[in-house]
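In: sequence and predicted structure, then a few things I'm wondering about:
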Amino acid sequence: MATSVYFSGAVKSEQDLYEDLVTESIKIFGQDVVYLPREQVSEDDLLNEVVNQYTQAFPVEMYLENVDGFEGDGNLLGKFGLEIRDQGTFVVTRRRWEAAVGGLATGVGSRLKPAEGDLLYMTMTGRLFEIKYVEPKSPFYQLQKLPSYTLTAELFEYNDQHFDTGWDEIDAVEWDNATSYSYLVNLDTAYEPGELVTQWTGVNDSAGDPINIEGYVSGWEGELKRVTIVTPHQSSNGDGTFMSFSVQAAANRALVGTESGTTSQITLDQSGTTKTFYNQDVFADNDEFEVAGDDVIDFTESNPFGDP
């Protein structure tokens, strides 16, 4: 038995009105959120690991469905310390997302719809959430149309991703948490915090272009001639994977600032000499464990189970 042709839910004017009402309600009761599309830099096929970066940010309003607090497993005390596993459910209309994000995102960060791995920055709480699942069919075909996306997101766990969005409070995630490497240079000409610095690896690609080591300046101490760099990696014409800077005397192996124009030679690698240089964490115990471990494992010749 066919449905009546006189009563159809697929009337565009009614569909648009419904989506307008949803959009207006989110603008009234929603939260200001900054959407960060994920950009894949490289992929390790052996370890199945992906290196990501976030260089674009788009403000858009979303509705937070959680009313009594964040969901998820909450605070857990694991073998590696305290883990905070907050989870939130966000709703954004398709029309607003396409206008605020989909039509503006460019390059490898371009999107036809929200995607898993993209980030949401809540301006109210100052926290980053990573999208784990995108539900495109909730609510299910109201007036025979899908007006919104429902995004399930968990608290973001930083893993040396690069941030250069132009939002200082978002980019600070990298400067505060990235593993940092400190180097002494031969000149006191300043590098600019946040700028990209490069050093030639000594190898060119198949087109003859130099493959560089790249990183971002997180600190400069002029009196010590010390520069601190985060997220060092090979340039995109290499494999994009981790690669540290090194002491090189040749002029063509200098450390070059792409914005300041500063060019100097690295004279000493201070990375890892103290826990402060290594990860800026005053509570880190890596040095203490290493020293204590020297008394536990016996590598002398008198130990039959040690190295010969």
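Out: Structure's in. What do you need? Numbers count the residues shown, from 1 in each chain.

In: please count neighbours and contacts with C-alpha atoms only from this point.
Out: Noted.

In: now do the contacts for the spatially most central residue of the chain.
Out: In the chain, the residue lying closest to the centroid (C-alpha atoms, centre = their mean) is residue 161, at 3.7 Å. Shown in contact with residue 161 (C-alpha atoms under 8 Å, 6 or more residues apart in numbering): 51, 52, 53, 54, 174, 178, 231.

In: number of nearby residues for the fifth one?
Out: Using other C-alpha atoms under 10 Å, residue 174 has 21 neighbouring residues.

In: was I right to think it contacts residue 165?
Out: No. Judged on C-alpha atoms under 8 Å, residue 174 makes no contact with residue 165 at a distance of 11.1 Å.

In: buried ones only from the contacts of residue 161, please, as a PyMOL command.
Out: Here is the PyMOL selection string for the buried members of these, based on 16 or more other C-alpha atoms under 10 Å:
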select buried, resi 51+52+53+54+174+178+231
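
In: show me the contacts of residue 161 that map onto helices.
Out: Taking DSSP state H as the definition of helices, these contribute residue 174.

In: as a markdown table, the contacts of residue 161 with distance to residue 205 and pLDDT would be great.
Out: Compiled in a markdown table, the contacts of residue 161 are given as follows (distance: C-alpha to C-alpha, whole Å; pLDDT from 0 to 100):
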| residue | distance to residue 205 | pLDDT |
| --- | --- | --- |
| 51 | 20 | 78 |
| 52 | 22 | 86 |
| 53 | 23 | 88 |
| 54 | 26 | 92 |
| 174 | 29 | 86 |
| 178 | 28 | 83 |
| 231 | 22 | 79 |
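
In: TSV for the contacts of residue 161, including distance to residue 33?
Out: Converted to TSV, the contacts of residue 161 look like this (distance: C-alpha to C-alpha, whole Å):
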residue	distance to residue 33
51	24
52	21
53	19
54	15
174	19
178	24
231	26
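
In: and the pLDDT for the closest residue to residue 75 other than its chain neighbours?
Out: Among residues not flanking residue 75 along the chain, residue 84 sits closest, at 4.5 Å (C-alpha to C-alpha, 6 or more residues apart in numbering). Here, the pLDDT recorded for residue 84 equals 72.

In: show me the contacts for residue 84.
Out: 73, 74, 75, 76, 155.

In: again with residue 140
Out: residue 146.

In: may I ask which helix or strand encompasses it?
Out: Using DSSP states H and E, residue 140 sits in no helix or strand.

In: from residue 18, how far off is it?
Out: Distance, residue 140 to residue 18, by C-alpha to C-alpha, to the nearest Å: 13 Å.

In: show me what the longest helix belonging to the chain is packed against.
Out: Secondary structure of the chain per DSSP H: the longest helix is helix 12-29. If contacts are counted by 3 or more C-alpha pairs under 8 Å, 6 or more residues apart in numbering; DSSP states H and E, helix 12-29 sits against strand 58-64, strand 81-93.

In: got the contact list for the shortest one?
Out: Outside of strand 58-64, the residues that reach it under the criterion C-alpha under 8 Å, 6+ apart are 26-27, 29-36, 88-92, 96-97, 100-101.

In: and residue 131, how far from residue 117?
Out: 5 Å.

In: so which of the two has more stuff around it?
Out: residue 131 (23 against 18).
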